[in-house]
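Q: Return atomic coordinates for the entry below.
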Amino acid sequence: MPDASTDPKTASQSRPLAGKAALVTGSTSGIGLGIARALAQAGCAVALNARKAGPDTDKLTNDLAAETGVKVVYAAADMSKPAEIKACVAETIKVLGRLDILVNNAGIQHVEPIETFPDDKYEMVIATNLSSAFYTTKAALPGMKQRKFGRIINISSAHGLIGSPFKSAYVAAKHGMVGLTKVTALETAELGITCNAICPGYVWTPLVQKQIPDQAKAHHLSEEEVIKQVLLKEQPNKKFATVEQLGALAVFLCSDAGGSITGTSIPVDGGWTAH
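A: Purely as a prediction, here's the structure:
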């Protein structure tokens, strides 16, 4: 009986994305980093992205490469600027040799009533959260079409399926991302390319963790009460999704098993959008 480490079938199951290359936007922390790590663990070379390199960027890139045994690079780009997006995709293809998987995760948030919502904030949210996905997809598709393989995953949100007050730009952008997903899927359905949206509710990330003490103080509640009564109020299971769960879903959608799933929006929200 062959050893599991040398059995080709076992190896393909544990590293189903071996030989593939991915770009994950907004991926130096939180959901983006979780998805990038999952793709790398599945054997995929990965380009991480953020607006600009930070003091820990080299360490993050090198550590992920050492942890997973795949090539990991960094591609800086401001996802609100089309020219930088185009250059980022081109650089990723140059360094990794190809681009099979695109994960559009970059996003920002601003919360304010419509009548006082600053124009510049609105434009920045739409550009970063929605328009960036159009420009990355536009740049990535030619190579995917040539190879007759591609996986595009747009990280939308539960707010891509429902609305909430004071989040006009964010909700509009995330709904738009769901629409862009459908159009991309329809245009590429016969070309070996899929496009799907993942729509998370609240996800346990360092950013969310940092909000809890301030929310507790503002609402005069314990941190446990803030989690259940404020943050997870709309999520029936009263549990945060994890970046590992989102990463596993992304790997599945990118694998051969996900080849017939396209144009969908998959909620990972503990039942929030089932209301």
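
Q: Mind jotting down where the strands sit in this protein?
A: Remark: strands assigned in the chain by DSSP state E are 21-24, 45-48, 72-74, 101-104, 150-155, 193-200, 265-268.

Q: count of neighbours near the closest residue to Ser265 other than its chain neighbours?
A: Excluding the flanking residues, the one nearest Ser265 by Cβ to Cβ, 6 or more residues apart in numbering is Ala197, at 4.3 Å. For every residue, glycine as well, the C-beta is placed using N, CA and C. Neighbours of Ala197 under the rule other Cβ atoms under 10 Å: 28.

Q: Tell me if I'm right that Ala197 and Pro267 touch.
A: No. Assessed by Cβ atoms under 8 Å, Ala197 is found out of contact with Pro267, at 9.6 Å.

Q: quick one, what contacts Cys199?
A: If a contact means Cβ atoms under 8 Å, 6 or more residues apart in numbering, then Cys199 has 156-158, 160-161, 174, 178, 265-269, 273 as its contacts.

Q: Any chance you could list what contacts stretch 28-37?
A: With Cβ under 8 Å, 6+ apart as the criterion, stretch 28-37 contacts 22, 24-27, 46, 48-50, 54, 57, 60, 64, 67-68, 103, 105-106, 153, 155, 200, 203, 205-207, 242-244, 246-247, 250.

Q: Flag every buried residue along it.
A: 28-37 (16 or more other Cβ atoms under 10 Å).

Q: send the alpha carbons of it over as PDB?
A: Provided in PDB are the C-alpha atoms of stretch 28-37 (Å, rounded to 0.1, in the frame of the first residue of the first chain):
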ATOM      1  CA  THR A  28      -2.900  41.100   4.800                       C
ATOM      2  CA  SER A  29      -5.400  40.500   7.700                       C
ATOM      3  CA  GLY A  30      -8.900  39.200   8.500                       C
ATOM      4  CA  ILE A  31     -11.000  37.400   6.000                       C
ATOM      5  CA  GLY A  32      -8.700  38.000   3.100                       C
ATOM      6  CA  LEU A  33      -5.700  36.600   4.900                       C
ATOM      7  CA  GLY A  34      -7.700  33.600   6.100                       C
ATOM      8  CA  ILE A  35      -8.800  32.800   2.500                       C
ATOM      9  CA  ALA A  36      -5.200  33.300   1.200                       C
ATOM     10  CA  ARG A  37      -3.900  30.900   3.800                       C
END
